[in-house]
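Participant: Below is the structure, and that's it, no one-letter string:
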């Protein structure tokens, strides 16, 4: 019987973990970018038309 290649398994596990972390970070960045412009309240048109 062939002996198991633990180094290969460990490396594959690390790659999967790194990929998952990267995807999560990208989702987090996308979520932060989307609402950013919406958080700036714009005054109603009646207030902007001359004082």
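Facilitator: Nice, I can see it. Computed from a predicted model, the values in this text were never measured in an experiment.

Participant: Okay, helices next: where are they in this protein?
Facilitator: Assignment of helices within the chain using DSSP state H yields the ranges 6-33, 45-48.

Participant: and these as TSV, adding mean pLDDT?
Facilitator: Formatted as TSV, the entries for these read as follows, by pLDDT from 0 to 100:
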stretch	mean pLDDT
helix 6-33	96
helix 45-48	64
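
Participant: Need the ones you listed in a markdown table (columns: mean neighbour count).
Facilitator: From N, CA and C alone the C-beta is placed, and that goes for glycine too. Listed next are the helices of the chain as a markdown table, based on neighbours: other Cβ atoms under 10 Å:
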| stretch | mean neighbour count |
| --- | --- |
| helix 6-33 | 10 |
| helix 45-48 | 8 |
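
Participant: do you know how far residue 28 is from residue 21?
Facilitator: According to Cβ to Cβ, to the nearest Å, residue 28 and residue 21 sit 11 Å apart.

Participant: Likewise for residue 12?
Facilitator: Between residue 12 and residue 21 the distance is 15 Å, computed by Cβ to Cβ.

Participant: One more: residue 27?
Facilitator: Distance from residue 27 to residue 21, by Cβ to Cβ: 11 Å.

Participant: do the same with residue 7
Facilitator: Separation of residue 7 from residue 21 (Cβ to Cβ) stands at 21 Å.
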